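1. Here is my input; please provide its structure:
(chains A and B)
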Amino acid sequence: MADFSLSRAIRWSALKRWDAVVGALLIVVLLLSFGTVDGFGNALNLSFLIGNTLPIALIALPMTLLVVSGEIDLSVASTAGLSGAVMGALWNQGMTIETIIPICLLLGVVCGLINGLLVTRLGLPSLAVTIGTLAAYRGIAQIVLGSDAVTDFPTQYLDFAAGRIGDTFIPYALLPFLALLAIAVVALHATPFGRSLFATGASEEAARFAGIRVKRQKLILFTVTGLMASLTGIFWALHYASARFDNATGLELSVVAAVLLGGIDFDGGKGTLGGAIAGVFLLGALQNVMSLQDVSAQSQIVVTGVLLVLSVLGPRVARQISVARAGRRAASAPVSKAPSPTP
Amino acid sequence: MTHPSTTGPAPVLALKDISKSFGAVRALRDVSLELFPGEVHALAGENGAGKSTLIKTLAGVHRPDAGQVLLDGAPVVFHGPGDARDAGIAVIYQEPTLFPDLSITENIFMGRQPRRALGRIDHKATHQATLALMQRLGVELDPDRPARGLSIADQQIVEIAKALSFDARVLIMDEPTAALTGSEVARLFGVVRTLREQGAAVLFISHRLEEIFQICQRVTTLRDGAWIASEPLDGMTEDDLVRRMVGRDLEELYPKQDVTPGEVALSVRRLTREGVFTDVSFDVRRGEIVGLAGLVGAGRTEVARAVFGIDRWDAGEVSVDGKALINGAPSTAMASGLALVPEDRRAQGLVMDMSIERNIGLTGLRTTVKAGLMDRGAERSRSLDWAVRLQVKYARIADTVNTLSGGNQQKVVLAKWLATGPKVLIVDEPTRGIDVGTKAEVHRLLSELAADGVAVLMISSDLPEILGMADRVLVMHEGRLTAEIQRSDATEETVMAAATGRAA
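-> From the prediction side, this is the model:
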């Protein structure tokens, strides 16, 4: 009896939780691809899939926290591009990579801090601020490096960023990512900080009245996002062995699409990091399969766009179903006092 | 069950044996109601008694599962709010929904202005029509002024004018006075009397019993979705009505315990926020309940916000137990033992989409922590403990607070703050819009807290509540403290005189 009701409870909660739906979808896509797509299942392709998805996944970590708190950062790809460009320029100057990397990370912190200060001190909407800095940071990247492409980074770094462990499907870079993922999951779902992010995203005013230091929390988030974006820029330049000013152009759209697809509510306050990462790898797997099937890059963008729309729609539909179920179950009377739309 | 018999004029609108269920919940069971022209009819009942469902049935939002709606004695079926409006039924809600940037005239005639040739709006005709409506209501409002800046009472009067312009014969007023002060209520009631004299039928809902006796002739009481009685108010007492509503004798509504005040817990000195309030100084001692009275807009809520740190102050000083608070920092105010139950529980007091457990938990993010991580067990037991102590009625502690009734939501806000073990508790309109049973519980709770040595500052626009609960009454008028009145000297007259700026 107990087992029966337990499995029932799991099934229902799984159905109404969009992040679980996306997780299941990811597994289905992977299984189908193993069975039907030539060249998908071999370890080399899988390592490519993961390696190519890692930049999205890395930025998705702080982006998930940002969107949960009701903000967004669209300048991340430009910050990544700027980091790569500065890295290339300093390398051309003859600086050692061990000095360059901390400088680039610091640059990312500054980029994030600028976003955060504009949003928290001036009270500007983050969407507008980061569209502005998206253009600005990319522009600076072009000034710094021009149209050069720097490719001659030290081989041990290139090998780490592009290589995999033996003949397995596991890229080296996956390991530090998993560590960062663990940190992000704990931060969002198990700390007072994460709890206050959910409260802020759901109702910033109520969060302030509960003594949550909303501005400080957002400033921290934007700064960490800048840091992670520059880390991604460094990884990108090494992974593809090319530092150019236009590295990672458009990556912010993939990140936002994946995060929303994973069930993070664009209005803030809802979602899980697990769902977001499932969304990231679902997007990555689909792109990999489309490439294997010789789907043109343009068509891939169409698919991403459709997914973005679905990702905004899906969680809402799922939530409405669960609300309707809860409403039928709850004993409290449905006597809400919403004014009728017509006078 | 004896239903009211019809004598004299026929009812303009009637419900006969109406039932309505939502899933397993029977919101209305065999409810009957008759509204006569020239009568203000009260609808009484606690939160969840079915008042809102009944209103929505009359307004055409809900269709009854059984029973009839009778218009001038003939059965009608409303397929939507538009049908009800065309039948001459208008609903005035607690919070009017006017377009702030449009003029009063434009708001009233939105989308159906009289036209001249070529489809141009006939501004002169609409202006005249608005003036005529205002005259009919006996009020002086400039038809061309924008709705922005109108008091809520005046906004409601505009809504009433709009209803009249649709030739409404039945006006349903759903807690219209909840956000109004005494003089605004008087203004609104003047309009309601005028309408009644002109033969309109009015259905009036209010949690303030004295208002029901002031303006209504008959009352229909609902309890748990069932019709209890329809009867004339003449000869009834407030206690009679409460007994019908709650189905038992209610404990005292203002169970104030006598307490000897202790040390000063909250001290506010010369606090000023430019253009909002000026030179406000007062103390609240342990064990005291200090009432803060005044008209809406007098600056009471603003003082509370500044004391707690939501807004910054420009000059002055606030201290708790002699320790000065930092300007504009709610987190340090909390750490010093200050708690604020804000006036808008839906926007400020609660995160509506979060569970009861986590809403109460929000004030414990610093305490229910183990090794930097949330201690979920401690969080849950803290939340459960306070939800049970305050007798919050809920199905599961993990349910979101928006599934709760208003009174239970308010208890969750109180639980959230009492869980911090405050030395000073500021409550802003603690019983606004909650039913009389819960109201008595909240009062008893405040009284017990004070007896336990908590310093309570209670902001309220409900004068009987201030008079019934406060040891001392502070009165604000236009941003300044104008009076401090001891419990023994506090009367409606002395408080209102100070609140309106007349010499006390």
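2. for the residue of the stretch 301-450 of chain B found nearest chain A, what are its contacts?
-> Residue nearest to chain A within the stretch 301-450 of chain B (Cβ to the nearest Cβ): B:Leu365, separated by 3.8 Å. (Glycine included, C-beta is placed from N, CA and C.) Shown in contact with B:Leu365 (Cβ atoms under 8 Å, 6 or more residues apart in numbering or on different chains): A:192, A:195-196, A:212, B:374.
3. Among those, pick out the one closest to B:Ile152, please.
-> Closest approach to B:Ile152 among the contacts of B:Leu365 (Cβ to Cβ): A:Ile212, at 30.1 Å.
4. my read: the closest one touches A:Gly201, true?
-> No. Using Cβ atoms under 8 Å, A:Ile212 is not in contact with A:Gly201, being 11.2 Å away.
5. Next, show the common contact partners of the two.
-> Joint contacts of A:Ile212 and A:Gly201 (Cβ under 8 Å, 6+ apart) do not exist.
6. Just give me the neighbour total for B:Val191.
-> Neighbourhood size, B:Val191 [other Cβ atoms under 10 Å in any protein chain shown]: 19.
7. quick one: it and chain A, what's the gap?
-> 17 Å (Cβ to the nearest Cβ, to the nearest Å).
8. B:Glu159 now?
-> Counting by Cβ to the nearest Cβ - B:Glu159 and chain A are separated by 7 Å.
9. Helix or strand next in line after the helix or strand that residue falls within, which one?
-> Per DSSP states H and E: B:Glu159 is located in helix B:152-165. Sequence-wise, the next helix or strand downstream of helix B:152-165 (DSSP H and E) is strand B:170-174.
10. Relative to that next one, what are the paired strands and their orientations?
-> Paired strands of strand B:170-174, with direction, are strand B:89-92 (parallel), strand B:201-205 (parallel) (DSSP bridges).
11. Only C-alpha atoms, please: export the longest one in PDB.
-> What it means is strand B:201-205. The C-alpha coordinates for strand B:201-205 follow below in PDB (Å, rounded to 0.1, in the frame of the first residue of the first chain):
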ATOM      1  CA  ALA B 201     -31.200  48.800  -4.500                       C
ATOM      2  CA  VAL B 202     -27.800  48.500  -2.800                       C
ATOM      3  CA  LEU B 203     -26.100  45.400  -1.600                       C
ATOM      4  CA  PHE B 204     -23.400  46.400   0.900                       C
ATOM      5  CA  ILE B 205     -20.600  44.200   2.200                       C
END
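12. Distance from the chain centre to it, please.
-> 17 Å (Cα atoms, centre = their mean, to the nearest Å).
13. And the helix or strand following that strand, what does it pack against?
-> Note on strand B:201-205: by DSSP H and E, the next helix or strand toward the C-terminus is helix B:209-215. Where contact means 3 or more Cβ pairs under 8 Å, 6 or more residues apart in numbering or on different chains; DSSP states H and E, helix B:209-215 is packed against strand B:39-44, helix B:182-197, helix B:238-246.
14. who wins for proximity to A:Gly268 among the ones you listed?
-> helix B:182-197 (36.3 Å).
15. Contacts for that closest one next, please.
-> B:38-40, B:136-139, B:151-154, B:156-157, B:160, B:171, B:173, B:176-177, B:180, B:202, B:204, B:211, B:214-215, B:295-296, B:463, B:496, B:500.
16. Filter the residues you listed down to the buried ones and hand me the PyMOL line.
-> To isolate the buried members of those in PyMOL, using 16 or more other Cβ atoms under 10 Å in any protein chain shown:
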select buried, chain B and resi 38+39+40+137+139+151+152+153+154+156+157+160+171+173+176+177+180+202+204+211+215+295+463+496+500
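17. list the contacts for the closest residue to chain B within the stretch 101-250 of chain A?
-> Nearest residue of the stretch 101-250 of chain A to chain B (Cβ to the nearest Cβ) works out as A:Pro192 at 3.8 Å. Applying Cβ under 8 Å, 6+ apart to A:Pro192 gives the contacts B:365-366, B:369, B:374.
18. Among those, show me the least confident.
-> Lowest pLDDT of the contacts of A:Pro192: B:Arg366, 89.
19. Pull the number of nearby residues for it.
-> 12.
20. Using the three-state scheme, assign A:Phe160.
-> Classification of A:Phe160 by DSSP: H, G, I helix; E, B strand; the rest coil places it in helix.
21. For it, give me the pLDDT.
-> A:Phe160 is given a pLDDT of 94.
22. Return the backbone torsion pair for B:Ser103.
-> Phi and psi for B:Ser103, reported as degrees, to the nearest 10, are phi -70, psi 170.
23. same check, this time on B:Asp428
-> Phi and psi for B:Asp428, reported as degrees, to the nearest 10, are phi -110, psi 110.
24. Isn't it up against B:Pro342?
-> Yes. Using Cβ under 8 Å, B:Asp428 is in contact with B:Pro342, at 5.5 Å.
25. which neighbours do those two share?
-> B:Ala304.
26. Quick one: mean pLDDT over whatever helix or strand B:Asp385 lives in.
-> Assigned by DSSP H and E, B:Asp385 belongs to helix B:376-389. What helix B:376-389 shows for mean pLDDT is 95.
27. Stretch B:133-145 too?
-> According to the model, stretch B:133-145 has a mean pLDDT of 86.
28. Domains in chain B, by residue range?
-> B:13-98+B:150-247, B:253-500 (the TED database).
29. which stretch in the ones you listed has the least confidence?
-> Across the domains of chain B, domain B:13-98+B:150-247 gives the lowest mean pLDDT, at a mean of 87.
30. got the end-to-end distance for it?
-> 28 Å (Cα to Cα, to the nearest Å).
31. so of the helices and strands packed on helix B:209-215, which one's packed in deepest?
-> strand B:39-44 (a mean of 24; mean count of other Cβ atoms under 10 Å in any protein chain shown).
32. That one vs chain A: in contact?
-> No. Strand B:39-44 lies out of reach of chain A by Cβ under 8 Å from any Cβ of the partner chain, never closer than 13.1 Å.
33. residues near B:Asp344, how many?
-> 15.
34. Quickly note the distance from it to B:Val392.
-> 19 Å (Cβ to Cβ, to the nearest Å).
35. what does A:Ala173 give?
-> From A:Ala173 to B:Val392 the distance is 50 Å (Cβ to Cβ).
36. Surely B:Thr278 is within a strand?
-> Yes. Assessed by three-state DSSP, B:Thr278 belongs to a strand.
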